[in-house]
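S.K.: A structural model of the following input is requested.
(one chain, ligands or ions: 1)
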Amino acid sequence: MALTLPEQGTSWPELQRRLEEAGRGDADWRNGRVPMFIHYAGEDVLEVAKKAYLMYFSENGLGPRAFASLATFEREVVEMGLSLLHGGAESRGAMTTGGTESIFLAVKCARDRALARRPGMARPEILMPRSAHPAFDKAAHFLGLVPVRTPLAADFRADPAAMRAAFTPDTAMVVGSAPAFPHGVVDPIPEIAALAREHGCWMHVDACVGGYFAPFARELGADIPDFDFAVEGVTSISADLHKYGYTAKGASTLFFADPEAFALMGYYFDDWPRGQYFTHTLVGTRAGGAIAAAWAVMNYLGHAGYLRVTERVLATRRAMQQGLDALGLPTLGRPELSIFAFGSPARDMGAIGRGLGARGWTVGYVKNPDGIHHMLNLTHEPVVGQYLGDVAAVLEDPATLAGGGGAGEVVAQY
Ligand SMILES: Cc1ncc(COP(=O)(O)O)c(C=O)c1O
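M.R.: Alright, predicted model coming up:
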């Protein structure tokens, strides 16, 4: 029979025991064995995020009238974010609950602007490179747009010529990523924005991963092109706080170049007995904790703190790349930030991944060509040697490699 609500309540000590028990089989992220999902910048940062979250656990971002504190935190978070991404005096933004919501709203705004400007448009299209995040297809699916994906260039970045060839009168939004999730490379945003500008089209930069990482990496010498509002023609940018902002999950930012673009996501309703209802974002109730934690972590780390953490993540990536290179497993493309993927056509990457899985590592894959994927944070810093040692052992272990079924075997699950 299906589970029902227990007749009587259960004590907290018993619930705590069960909660701990339930997590025993989960991946061990604290030991650096999970290649994504977690963005850890140290115990102190986690403590600040947790404490701030708990202080505003019950407050609701839906009610700025009641909780002026949250409205102030959000305004300051947005201003700090915009200052990192070359926002101008006209730029605007809001906090959302995550990258998918930020992208969803950007797609909605682009669609509405395109339909208003070109009423004859049959079905608005989103034009994006093959490496763009599935959140765009999800948004297209929900909002009645057609996703159009173009092939990547040899370096795994967007190919502006392919995007140009696929541009149609129905293109409502053009997308570039900074960086794209699969290979961690930054698309040529200036070229893509130039295409959008020529057609007066909406250009979205998906900086969900790089928004709070790339500005610091560039300061430290990362060789990536301009990717934010410094590029003329960029209309909106998504940047996740719960990734490299290192704050509590449930926090992203969505920025707009001007107030007109921003206004497209506002929603107002007054035709019911309870009066005026207005939100900037998709959701209604918003966790006050997520807003307060973002504000607290940004102020706790400050520019110097983010720079310090970024430097360590970059050093971790370089150490992993060098070690893997020496094992005959080069990096795919030339990632400059926190994500990289490696692989070789001479090796069965599925078998290597299974060998690593058997040694306790959670493995993420990329396809075409096959590779193994890492999105790094400070949990990985102390285990680089261990990881490289295990890869070397897997490469030498005929038993592991004998199990491989060739390149077609890689099943790249998110
Ligand atoms: C490039 C990129 N965009 C968007 C997202 C979606 O973010 P979220 O999972 O917070 O909705 C991700 C998630 O990893 C991402 O890597």
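
S.K.: how close does residue 198 get to residue 164?
M.R.: Computed with CB to CB, to the nearest Å, the distance linking residue 198 and residue 164 is 9 Å. Just so you know, the C-beta spots here come from the backbone N, C-alpha and C atoms, and that holds for glycine as well.

S.K.: got it, and residue 201?
M.R.: Using CB to CB, one gets 12 Å for the distance from residue 201 to residue 164.

S.K.: residues in the chain within reach of the ligand, list them.
M.R.: For the chain, the residues in contact with the ligand (CB under 6 Å from any ligand atom) are 98-100, 103, 133, 135, 177, 181, 206, 208-209, 240.

S.K.: recalculate using a threshold of 8 Å.
M.R.: 36, 98-103, 132-133, 135, 177, 179-181, 206-210, 238, 240, 242-243, 249, 252, 339, 375 (CB under 8 Å from any ligand atom).

S.K.: mind checking which of the residues you listed land in helices?
M.R.: Using DSSP state H to define helices, the subset of the residues of the chain next to the ligand located there is 99-103, 135.

S.K.: show me where this structure has its strands.
M.R.: Along the chain, the segments classed as strands by DSSP state E run 92-96, 125-129, 146-150, 171-177, 202-206, 236-240, 252-256, 267-269, 277-279, 339-342, 364-366, 371-375.

S.K.: any idea how far the fourth one is from the chain center?
M.R.: Centroid separation between strand 171-177 and its chain, computed with CA atoms, centre = their mean, to the nearest Å, is 17 Å.

S.K.: now it - C-alpha only, PDB.
M.R.: Taking C-alpha atoms only, strand 171-177 is exported to PDB below (Å, rounded to 0.1, in the frame of the first residue of the first chain):
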ATOM      1  CA  THR A 171      14.600  34.200 -34.700                       C
ATOM      2  CA  ALA A 172      13.500  35.800 -31.400                       C
ATOM      3  CA  MET A 173      16.600  35.100 -29.300                       C
ATOM      4  CA  VAL A 174      20.200  34.400 -29.900                       C
ATOM      5  CA  VAL A 175      22.200  32.600 -27.200                       C
ATOM      6  CA  GLY A 176      25.800  32.300 -26.200                       C
ATOM      7  CA  SER A 177      27.200  30.700 -23.100                       C
END
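
S.K.: quick one: it to strand 146-150, angle?
M.R.: Following axes from the mean of the first three to the mean of the last three CA atoms, to 10 degrees, one obtains 50 degrees for the angle between strand 171-177 and strand 146-150.

S.K.: buried ones in strand 171-177?
M.R.: 171-177 (16 or more other CB atoms under 10 Å).

S.K.: what average pLDDT does that strand get?
M.R.: Rounded to a whole number, the mean pLDDT of strand 171-177 is 98.
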